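Enquirer: Model the following, please.
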Amino acid sequence: MLRRRKAKIVATLGPATSDLQTVTQLFRAGVDVFRLNFSHGSHEDHRRRYEIVREVERATGRPISVLADMQGPKLRVGTFAAGKVTLAAGGRFALDRNPAHGDVDRVHLPHPELFEVVAAGQSLLLDDGKLRLEVLDNDGERISTRVMHGGVLSDRKGVNVPDTILPIPVLTRKDRIDLEFALSLGADWIALSFVQQPEDLVDARALIGERAGLMVKLEKPAALDRLDEIVSAADAVMVARGDLGVELPPERVPGVQKRILRSCRSRGKPVIIATQMLESMIAAPVPTRAEASDVATAIYDGADAVMLSAESASGGYPVQAVEMMDRIIHEVERDPLYRSLLDAQHELPLHTPGDAICAALRDVAQTISAVATVTYTTSGHTSLRAARQRPSAPILSITPKLSTARRLALAWGVHSTVSPDVETVDEIVSAACGIAMTQGLASSGDQVAIAAGMPFGEPGTTNLLRIARV
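Expert: Predicted structure coming up:
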């Protein structure tokens, strides 16, 4: 199952994709990472889907990554006596601490922390930004607003506060329960929702330890103020454009996406572009041309992965959506402009031995026309540093740890494999050549460039570069 492409595909599992046959079809169509969305479904639903993924992994012999996506804090209004109201632009509306059913003049806001930070002049967005309120006053018990963009508001619709950092933990009680469950299953990545500052990662990092990679979902404009710090503190990043687009003007989202991509590329952190990529394929067998262009743009920009949400979780054409995404990626990566753009965006190596070796690995592979760059890694560090360089040759990652191989399935250009541990340079050269042949990356007489660390098995010791003929 060698993918003849560099960028990866993430697909969300859900009601439309919960059986072995469909998940197998998704994998064969091109999925590298399966996402479990803990905003929906029961633990038993997620357990069953996780076990199906592992069954596909055993049947195909390929490491498959599982991403567990935490729901995060959800701010919502209370309920209305009539179930819904219509707010007229220019009218007044209040959100207060009174738990009584709301009406056209007011509604309960069951989040006391908001009364501590919301101030006059700020905006409140309701129902995914469909309604916009301007705050006129906040006396600690009642937030008075003017309706700027009106519409229908019904029970328990979401509230977004784009103009301030909210004093709420990113891990709710539900998230903590879900997190432990996901880790007990064996999830490879944990995605943390609604991160606003690097301090938000501390609790999750302590709970996860080394059991999984920590992915940050960038959904709040406040996170952009400390973007580089957040990216540095994370293991990977997801650009969650749905929620980000609620709190940011739509015209700003493309530029912000590119800024986040640049920060991740600079630090060698895998980055996923997510939300509404092939949205129309929820109900149609083909996407719009604009959606195809959106996916292609993310690939041209050097994203590690692109993601399907409802398209694969609940849509009518999940396999076709993956196939379409796979074809778009192949088409972009065949374009000579793609390579030119990657080279133009090429990052200078960081001042570490590992980055120096992997930068040299890229140059050597290109000079000798190597068919593959081979990284031998325990923690995944060497493979990720190699991926940061965006070499033209595929990255064959060899590791003795299945957990590392699974996690690396997300990284750009990495073909992840598991092999027994080695002790000498001769053994790593022999393993590299043999696995390159069996995986379909090399034939007899081809050359490969190899990076590894000595002593073998110690994370973060990348210090060896070899050229070998298969």
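
Enquirer: Dig out what the residue positioned nearest the centre of the chain forms beta bridges with.
Expert: A centroid search over the chain (Cα atoms, centre = their mean) returns residue 238, at 3.3 Å, as the residue closest to the centre. Counting by DSSP bridges, residue 238 is bridged to residue 217, residue 272.

Enquirer: In contact with it, which residues?
Expert: Remark: with contacts taken as Cβ atoms under 8 Å, 6 or more residues apart in numbering, residue 238 is in contact with 191, 215, 216, 217, 218, 271, 272, 274, 307. Where C-beta positions appear, they are placed from N, C-alpha and C, glycine not excepted.

Enquirer: Mind doing that once more with 6 Å?
Expert: Listed by Cβ atoms under 6 Å, 6 or more residues apart in numbering, the contact set of residue 238 reads 191, 215, 217, 272, 274.

Enquirer: all strands for the stretch 1-150 of the chain, in order.
Expert: The residue ranges that make up the strands of the stretch 1-150 of the chain, judged by DSSP state E, counting those that start in this stretch, are 8-13, 33-37, 65-69, 84-87, 92-96, 106-108, 123-126, 131-138, 142-149.

Enquirer: out of those strands, nearest to residue 157?
Expert: If you check each of these against residue 157 by Cβ to Cβ, strand 123-126 wins as the nearest, at 5.6 Å.

Enquirer: Just the mean pLDDT for that closest one, thanks.
Expert: Mean pLDDT, strand 123-126: 96.

Enquirer: Can you list the neighbours in contact with that strand?
Expert: Surrounding strand 123-126, the residues in contact under the criterion Cβ under 6 Å, 6+ apart are 132, 133, 153, 157, 159, 160, 163.

Enquirer: Max pairwise distance over those: which two?
Expert: Between all members of the contacts of strand 123-126, the longest pairwise span (Cβ to Cβ) is found for 153 and 163 and amounts to 20.0 Å.

Enquirer: of these two, who's got more company?
Expert: For residue 153 against residue 163, the residue with the higher neighbour count under other Cβ atoms under 10 Å is residue 153, and the figures read 22 against 16.

Enquirer: Now the two most distant members of the contacts of residue 238.
Expert: Greatest spatial distance in the contacts of residue 238: 215 and 274, 10.7 Å, computed using Cβ to Cβ.

Enquirer: Residue ranges of each domain in this protein, please.
Expert: By the assignment in automatic domain parsing, the chain contains the domains 8-72+169-334, 84-160, 353-469.

Enquirer: which residue sits closest to residue 295, ignoring its sequence neighbours?
Expert: Distances taken as Cβ to Cβ, 6 or more residues apart in numbering place residue 328 nearest to residue 295, at 4.8 Å, with adjacent residues excluded.

Enquirer: Contact partners for the one you found?
Expert: Neighbours of residue 328 in contact, by Cβ under 6 Å, 6+ apart: 292, 295, 296.

Enquirer: Please apply the same query to residue 203.
Expert: residue 171.

Enquirer: That one: what secondary structure?
Expert: With DSSP: H, G, I helix; E, B strand; the rest coil as the basis, the three-state label of residue 203 is helix.

Enquirer: and if you look at the one 3 residues further on?
Expert: Taken by three-state DSSP, the conformation at residue 206 corresponds to helix.

Enquirer: remind me which residues of this protein are low pLDDT?
Expert: Counting by pLDDT under 70, the chain has low-confidence residues at 457-460.

Enquirer: And for the closest residue to residue 420 other than its chain neighbours, the neighbour number?
Expert: Using Cβ to Cβ, 6+ apart and skipping the chain neighbours, the partner closest in space to residue 420 is residue 400 (6.2 Å). Neighbouring residues of residue 400 were enumerated by other Cβ under 10 Å; the total is 16.

Enquirer: and if you look at the one 10 residues further on?
Expert: A count of neighbours around residue 410, defined by other Cβ under 10 Å, yields 27.

Enquirer: And the one 4 residues further on, by the same measure?
Expert: Counted by other Cβ under 10 Å, the residues lying close to residue 414 total 29.

Enquirer: what is it paired to in the beta sheet?
Expert: Using DSSP bridges, the bridge partners assigned to residue 414 are residue 395.

Enquirer: Next up, the contacts around it.
Expert: 383, 387, 395, 397, 408.

Enquirer: and those, which of them are in strands?
Expert: Secondary structure assignment by DSSP state E places 395, 397 of these in strands.

Enquirer: In a markdown table, list the contacts of residue 414 along with distance to residue 338 and neighbour count.
Expert: Putting the contacts of residue 414 into a markdown table (distance: Cβ to Cβ, whole Å; neighbours: other Cβ atoms under 10 Å) gives the following:
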| residue | distance to residue 338 | neighbour count |
| --- | --- | --- |
| 383 | 21 | 31 |
| 387 | 16 | 27 |
| 395 | 17 | 30 |
| 397 | 22 | 29 |
| 408 | 22 | 26 |
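
Enquirer: Go through the contacts of residue 414 and say which is closest to residue 180.
Expert: The shortest gap between residue 180 and any of these belongs to residue 408, at 24.2 Å (Cβ to Cβ).

Enquirer: And that closest one, how close does it get to residue 268?
Expert: Here the distance between residue 408 and residue 268 works out to 13 Å (Cβ to Cβ, to the nearest Å).

Enquirer: And for residue 355?
Expert: As judged by Cβ to Cβ, residue 355 and residue 268 stand 8 Å apart.

Enquirer: Give the residues shared as contacts by these two.
Expert: Common neighbours of residue 355 and residue 268 are listed as residue 385 (criterion: Cβ under 6 Å, 6+ apart).

Enquirer: quick revisit: for the strands of the stretch 1-150 of the chain, which one sits closest to residue 78?
Expert: Closest approach to residue 78 among these is made by strand 106-108 (3.1 Å; Cβ to Cβ).

Enquirer: Mind giving me the packing neighbours of that closest one?
Expert: Applying 3 or more Cβ pairs under 6 Å, 6 or more residues apart in numbering; DSSP states H and E, we find strand 106-108 packed against strand 92-96.

Enquirer: right, and the domains of the chain - which one's nearest residue 2?
Expert: When these are ranked by proximity to residue 2, the top entry is domain 353-469, at 4.8 Å, counting by Cβ to Cβ.

Enquirer: neighbours of residue 366, just the number please.
Expert: Using other Cβ under 10 Å, residue 366 has 15 other residues around it.

Enquirer: Kindly report the same for residue 229.
Expert: Tallying neighbours of residue 229 according to other Cβ under 10 Å, which is how burial is gauged here, yields 15.
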